[in-house]
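K.L.:
Build me a structure from this.
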Amino acid sequence: MNVLYGPLAKGDAARCEELENQLFDGDDPWPELAFIRELAAPHNRYVAARVDDKLVGYAGISRLGRAEPFEYEIHTIGVDPAYQGHGIGRQMMIDLLGAVGPESLVYLEVRTDNEPAIALYTSLGFRCVGVRKRYYRVSGADAYTMRRDPA
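P.N.:
Numbers count the residues shown, from 1 in each chain. This next block holds a predicted model:
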């Protein structure tokens with residue numbers, strides 16, 4: 001499978017909404033407008049994964065604060081279920097983390113029952129630093145807060 005990685009574009013927002021509804025049904029999936037707003041913010045960076053010109057994955061990171069040293073937060077990541085297990089999520093995370101550099105502190109939240117994502121994040125240097133009770137509003141599911149410390 002030939003996966004091409006590059007920037008996520010405004011024209012991808014409808015497909016992102018479609019994937020969100022598949023991946024996060026019951027957990028307040030992001031609508032198309034949320035992606036459009038995220039892409040318009042100058043402090044955010046989004047990457048896309050495409051197979052045969054079809055968007056199969058997306059991921060985004062946001063810079064927090066106005067002065068260095070900046071902290072960052074992974075806002076979202078999703079891979080089409082038909083393409084999971086092929087390293088697409090890992091590569092998008094590597095791209096995002098590479099863009100902010102190893103000296104950056106990076107946070108994310110993940111459902112406590114999402115074992116594949118937790119394993120991915122742990123393998124990329126993240127560790128659990130807390131639990132956010134009922135973080136996912138609709139389902140009431142808890143989330144781990146994970147952090148990757150500067151190298």
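K.L.:
Next, count neighbours for the closest residue to His86 other than its chain neighbours.
P.N.:
Residue nearest to His86 in three dimensions, not counting chain neighbours: Met1, with 6.3 Å by Cβ to Cβ, 6 or more residues apart in numbering. Every residue, glycine included, has its C-beta placed from N, CA and C. By the criterion of other Cβ atoms under 10 Å, Met1 has 9 neighbours.
K.L.:
Surely Ala117 touches Val110?
P.N.:
Yes: shown here, Ala117 and Val110 form a contact pair, counting by Cβ atoms under 8 Å, at 5.0 Å.
K.L.:
Same drill for those two, tell me which one is more crowded.
P.N.:
Val110 (21 against 17).
K.L.:
now the farthest one out in this protein, which residue is it?
P.N.:
Taking Cα atoms, centre = their mean as the measure, the residue most remote from the mean C-alpha position of the chain is Ala67, 23.3 Å away.
K.L.:
packing partners for the longest helix anywhere in the chain?
P.N.:
Taking DSSP state H as the criterion, the chain has its longest helix at helix 88-100. Applying 3 or more Cβ pairs under 8 Å, 6 or more residues apart in numbering; DSSP states H and E, we find helix 88-100 packed against strand 3-7, strand 44-51, strand 54-64, strand 71-79, helix 115-123.
K.L.:
Now do the contacts for Gln118.
P.N.:
Just to correct that, residue 118 is Ile rather than Gln. Going by Cβ atoms under 8 Å, 6 or more residues apart in numbering, Ile118 touches 110, 144, 146.
K.L.:
Since that was my last question, I'll sign off now.
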